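**Q** predicted model and sequence follow; I will ask about them next.
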Amino acid sequence: MRIDGKRAVVTGGAVGIGRAIALRLAAAGAEVAIADIDVAGGSRTSELIGSAARFVRVDMRDDAAVTDLMACQPQILVNNAGGGAVLRPCFPEASVERWSASLELNLRAPMLTTQLALSAMQAAGGGAVVNIGSTAGLGFGPHVSPEYSAAKAALIRLTATLAPLSQSHGVRVNCVVPDWVATERGVRERAALPVAERGPELVSLEVLTDAIVRFVEDESLAGRVVLLDRGAEPRFLE
């Protein structure tokens, strides 16, 4: 599918990874809606792109607001909004309201946006949904935020289970699973660590956005999940 001329929604698009995704899609010719609660960051991203972008303030845990957002009928949807891995306390010390909010943002919100996008994408002859996962959702080891890692693991599995949508609705769903990414914040945090603890270079924003563009454009990759590990080439998970 060509990106040029398509309508795109990037959730969590105000800063960092989301900003990089929005800029990349706009550079490829898409009209981009930037959805976020960060008004200053979202407005700045919109300004950087210009007339091909608009910022929409949306709390992705608010069903009514998400429904209004998706009324723009995007042909490209990038479910990037998420986070909360470093918030304390985490499950099981956290209150039900706190850990539930993480599940709502990192799992329920992308499920809802995908569901709302289906009919419009089908009517447009097809579309692409790209979920942004995390290596926190892989493996069997402990994680500092069980609710965050569980949500990201579920998002990866959800992506694979939705592969048949490419046949029934013409909609491809994919997932990009990055390790620590070289956002401004990520670079600062890595630099603050002792040299011996820094590990490999962070995943570049170019590598991440390359993976997203490939999933949007390549119709043969429905349901695939790509791992972007630090110090390694991108590889599909089987």
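**A** Nice, I can see it.
**Q** what ranges do the strands span in the chain?
**A** Applying DSSP state E to the chain gives strands spanning 7-11, 31-36, 53-57, 76-79, 127-132, 171-178, 225-228, 235-236.
**Q** now the ones you listed as CSV including distance to residue 162?
**A** For the C-beta atoms, the positions are set from N, CA and C on the backbone; glycine is no exception. Converted to CSV, the strands of the chain look like this (distance: least, CB to CB, whole Å):
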stretch, distance to residue 162
strand 7-11, 17
strand 31-36, 21
strand 53-57, 25
strand 76-79, 12
strand 127-132, 8
strand 171-178, 4
strand 225-228, 11
strand 235-236, 16
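**Q** between those strands, which one is closest to residue 205.
**A** Nearest to residue 205, of all the strands of the chain, is strand 171-178, at 9.7 Å by CB to CB.
**Q** how far does that closest one sit from its chain's centre?
**A** Chain-centre distance of strand 171-178: 9 Å, with CA atoms, centre = their mean, to the nearest Å.
**Q** do the same with stretch 179-196
**A** 20 Å.
**Q** how long is it from one end to the other?
**A** 18 Å (CA to CA, to the nearest Å).
**Q** what's it in contact with?
**A** Here stretch 179-196 makes contact (CB atoms under 8 Å, 6 or more residues apart in numbering) with 15-17, 20, 135, 198, 201-205, 208, 228-230.
**Q** hmm, back to that, so which of the strands of the chain gets nearest residue 142?
**A** strand 171-178 (18.5 Å).
**Q** and that closest one, what does it pack onto?
**A** Counting contacts by 3 or more CB pairs under 8 Å, 6 or more residues apart in numbering; DSSP states H and E, strand 171-178 packs against helix 109-123, strand 127-132, helix 146-161, helix 165-168, helix 205-217, strand 225-228.
**Q** as CSV, the ones you listed with mean neighbour count would be great.
**A** Formatted as CSV, the helices and strands packed on strand 171-178 follow (neighbours: other CB atoms under 10 Å):
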stretch, mean neighbour count
helix 109-123, 19
strand 127-132, 27
helix 146-161, 20
helix 165-168, 14
helix 205-217, 19
strand 225-228, 22
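**Q** and residue 96, how many neighbours?
**A** Residue 96 is flanked by 8 other residues according to other CB atoms under 10 Å.
**Q** how about the one 3 residues further on?
**A** Applying the criterion other CB under 10 Å, we find 23 residues in the vicinity of residue 99.
**Q** one more: residue 106?
**A** 30.
**Q** can you pull the contacts of the closest residue in space to it that isn't next to it in sequence?
**A** Leaving out its chain neighbours, the residue that sits closest to residue 106 by CB to CB, 6 or more residues apart in numbering is residue 151, at 3.6 Å. Taking CB under 8 Å, 6+ apart, we find residue 151 in contact with 82, 102, 103, 105, 106, 107, 137.
**Q** just give me the closest of these to residue 123.
**A** Among the contacts of residue 151, and counting by CB to CB, the member closest to residue 123 is residue 107, at 26.5 Å.
**Q** touching, the closest one and residue 154? I think so.
**A** Yes. Using CB atoms under 8 Å, residue 107 is in contact with residue 154, at 5.2 Å.
**Q** any idea which helix or strand in the chain has the lowest mean pLDDT?
**A** helix 165-168 (a mean of 89; mean pLDDT, DSSP states H and E).
**Q** got the CA coordinates for that helix in PDB?
**A** Output of helix 165-168 as PDB, limited to C-alpha atoms (Å, rounded to 0.1, in the frame of the first residue of the first chain):
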ATOM      1  CA  LEU A 165      -8.200  -9.600   8.900                       C
ATOM      2  CA  SER A 166      -6.100  -9.200   5.800                       C
ATOM      3  CA  GLN A 167      -8.400 -11.600   4.000                       C
ATOM      4  CA  SER A 168     -11.700 -10.700   5.600                       C
END
